[in-house]
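Visitor: The sequence isn't on hand, but the structure is:
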């Protein structure tokens, strides 16, 4: 099990590496050779773990494992969950860049940017509420995302949905 600092280092280093042209080429070459991009991404993560002096045998970081963490009422864990989702997004974009045609990738980036803007507005709205209400909102969002197998359209709640969650919590 990685400590919080180790996990943050891994995620930061991974984000940095996947933005470099040679790493992008490595992932793209693997796809051209009919390999799964996620396999190469996992190899890169294992290389980072080895750089950190951590034996990676049996320790696999993947979207599935990072996305199924339980929400708890600890702000460090909420931060960790957000970091995990962010990492999953970086993984997905690295795979997409390798697998999609350039115009398809540009369209995906545009859609991702719009989604991030919607999520930012959602977070701004959430900050108006008590921390317990924010946790309830995040729990509903997490369940919604799990139910839709982490479909992008489920990653945003409208202000009306947020208000309904808070009212439901307050109602006796």
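Guide: Yep, it's here. All values reported here derive from a predicted model rather than from experimental measurement.

Visitor: Below-threshold pLDDT in the chain: ranges please.
Guide: 1-2, 56-87, 172 (pLDDT under 70).

Visitor: can I see the domain layout of it?
Guide: 1-99, 115-172 (automatic domain parsing).

Visitor: Would you format those domains as CSV with mean neighbour count and distance to residue 105 included?
Guide: From N, CA and C alone the C-beta is placed, and that goes for glycine too. CSV is the format used below for those (neighbours: other Cβ atoms under 10 Å; distance: least, Cβ to Cβ, whole Å):
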stretch, mean neighbour count, distance to residue 105
domain 1-99, 15, 6
domain 115-172, 14, 15
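
Visitor: how about those domains, which one is nearest residue 108?
Guide: With Cβ to Cβ, the closest approach to residue 108 among the domains of the chain belongs to domain 1-99: 5.4 Å.

Visitor: name the element residue 150 belongs to?
Guide: Secondary structure assignment for residue 150, by DSSP states H and E: no helix or strand.

Visitor: any idea how far residue 117 is from it?
Guide: 19 Å (Cβ to Cβ, to the nearest Å).

Visitor: what residues are up against the nearest residue to residue 152 once chain neighbours are set aside?
Guide: In space, and not counting its chain neighbours, residue 152 is closest to residue 115: 5.5 Å by Cβ to Cβ, 6 or more residues apart in numbering. The contact partners of residue 115, taken as Cβ atoms under 8 Å, 6 or more residues apart in numbering, are 152, 155, 156.

Visitor: Kind regards, and thank you for your time.
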